[in-house]
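A.B. asks: Structure of the sequence below:
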Amino acid sequence: MPQFDVYINPSKNTRSAFPYIVDIQNPVISDIATRIVIPLGRIKDFKNKKMQGLTPELNYDGEQLLLLTPQIASIPVKLLKNPVGSLSHFRDEIIAAMNFAITGI
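C.D. replies: Numbers count the residues shown, from 1 in each chain. Coordinates of the predicted model:
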């Protein structure tokens with residue numbers, strides 16, 4: 001599973017708020033049954049507010065989305081069926097947000 005692939009949120013309960021999730025786990029750790037993911041939310045659903053450094057705004061499929069880094073989670077790999085795209089071109093922004101969450105810088 002390529003890092004930074006985007007999937008439709010498999011949870012019907014949270015899909016309206018978080019339509020997509022992005023797989024941030026490095027393929028080096030592919031032998032475990034879970035993947036580390038971060039949900040993406042439509043910026044309009046968050047009153048167009050983002051947290052500088054922590055929730056970068058990303059454009060995906062014509063939508064302005066927030067990478068909701070504080071909601072990082074793991075999910076079973078079996079729930080991730082077919083990727084619908086990739087955010088690999090936002091690699092630097094995604095890693096910077098994770099670094100900010102961990103180090104504050």
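
A.B. asks: where along the chain do the helices fall?
C.D. replies: 91-103 (DSSP state H).

A.B. asks: Name the residue most distant from the centre of this structure?
C.D. replies: What lies farthest from the middle of the chain is Asp31; by C-alpha atoms, centre = their mean that is 20.6 Å.

A.B. asks: Can you tell me how far that residue is from Phe18?
C.D. replies: 27 Å (C-beta to C-beta, to the nearest Å). For glycine as for every other residue, the C-beta is placed from the backbone atoms N, C-alpha and C.

A.B. asks: In contact with the residue farthest from the centre of the chain, which residues are there?
C.D. replies: Under the criterion of C-beta atoms under 8 Å, 6 or more residues apart in numbering, Asp31 has no contact partners.

A.B. asks: List phi and psi for it.
C.D. replies: With angles defined as degrees, to the nearest 10, Asp31 sits at phi -90, psi 0.

A.B. asks: pLDDT at it, what is it?
C.D. replies: Per-residue pLDDT puts Asp31 at 92.

A.B. asks: The one 5 residues further on now?
C.D. replies: At Ile36, the pLDDT value in this model is 97.

A.B. asks: Would you mind naming the residues that bridge with it?
C.D. replies: Ser74 (DSSP bridges).

A.B. asks: Is it in contact with Ile72, as I believe?
C.D. replies: Yes - here Ile36 reaches Ile72: they are 6.7 Å apart, a contact under C-beta atoms under 8 Å.

A.B. asks: Overlap of the contact sets of those two?
C.D. replies: Common contacts of Ile36 and Ile72 (C-beta under 8 Å, 6+ apart): Ile24.

A.B. asks: What's the local residue count around Ala97?
C.D. replies: Ala97 has 25 neighbours, counted by other C-beta atoms under 10 Å.
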